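1. sharing a model that was predicted from the sequence below.
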Amino acid sequence: MTKKQIIEIIEILKKAYPDAKCSLNFNNPFELAIAVMLSAQCTDERVNKTTPLLFSRCKTPSDFINMEISELEKLILPCGFHKTKAKHIKEMSAIIEEKFNGKLPDTMEELISLPGIGRKSANVIMLDAFNKPQGIAVDTHVKRISNRIGFSKETNPEKIEKDLLKIIPNNYLKDVNHLFILHGRAICKSQNPDCTNCPIKSYCKYKLNKKI
Ligand code: SF4
């Protein structure tokens, strides 16, 4: 696929999903880090229903440090894996307080060093909290669509991200994750993708191979 075609695909998706943005609600980078942690194995919708009460009780890392872990577990129970997530939130808050003067750091390296924050989460935070995209967060939608379109044959998210970074121009890095998530939810679903109504079908390897 040529660079021109890749840009055309992204531009078509930008027209199809003009409001593409992070679907987690947050007021500051620290809240986004908490919301991203809670979103593991959970829908953004459920996280957004859980965080208003949580953030009304805890606004800063020291608030989370001071909260009993049993109380924190109860507050985040709807998001699943509440024990692991509560442990990570407490540990992350302690490190932010001690090492980063109570402020969430704004580099990939520092974010990845925090408990419960992997490369995907760090990419989301760098883009959506700090507006400094460093890579592309590869979630289940980005993985599936990248494989189907033909952007990457890899199955490992980090290898897919490497492939994407080789072909996606820098000024489009900020768009790919949000656009692919919306396209994956609306049309390019895991089961029975609606290829007939897909605006990028003429570029897609999956469709061409299936001759739909
Ligand atoms: S043509 Fe089908 S498989 Fe390809 S991106 Fe569109 S919906 Fe997904």
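-> In hand now; what should we look at? Since we're looking at a predicted model, the values are computed, not measured.

2. quick one: secondary structure of the spatially most central residue of the chain?
-> Computing the C-alpha centroid of the chain and ranking residues by CA atoms, centre = their mean puts Val124 first, at 4.7 Å. The local conformation at Val124, judged by DSSP: H, G, I helix; E, B strand; the rest coil, is helix.

3. pretty sure it is touching Val36, no?
-> Yes. Contact status for Val124 versus Val36: in contact at 5.4 Å, counting by CB atoms under 8 Å. Any C-beta I mention is one placed from the backbone N, CA and C, and that applies to glycine too.

4. just to revisit the earlier point, next, the contact list for the residue nearest to the centre of the chain, please.
-> By CB atoms under 8 Å, 6 or more residues apart in numbering, the contact set of Val124 is 22, 32, 36, 137, 177.

5. show me which pair in the residues you listed is furthest apart.
-> Greatest spatial distance among the contacts of Val124 (CB to CB): Leu32 and Asn177, at 13.7 Å.

6. helix or strand next in line after the biggest helix by length in the chain, which one?
-> Longest helix in the chain, counting residues (DSSP state H): helix 82-99. Following helix 82-99 in sequence order, the next helix or strand is helix 108-112 (DSSP states H and E).

7. up against the ligand, what does the protein have?
-> Neighbours of the ligand within the chain, by CB under 6 Å from any ligand atom: 145, 148-149, 187-188, 193-195, 198, 200-201, 204, 206-207.

8. mind doing that once more with 5 Å?
-> Counting by CB under 5 Å from any ligand atom, the chain comes close to the ligand at 148, 187-188, 193, 195, 198, 201, 204, 206-207.
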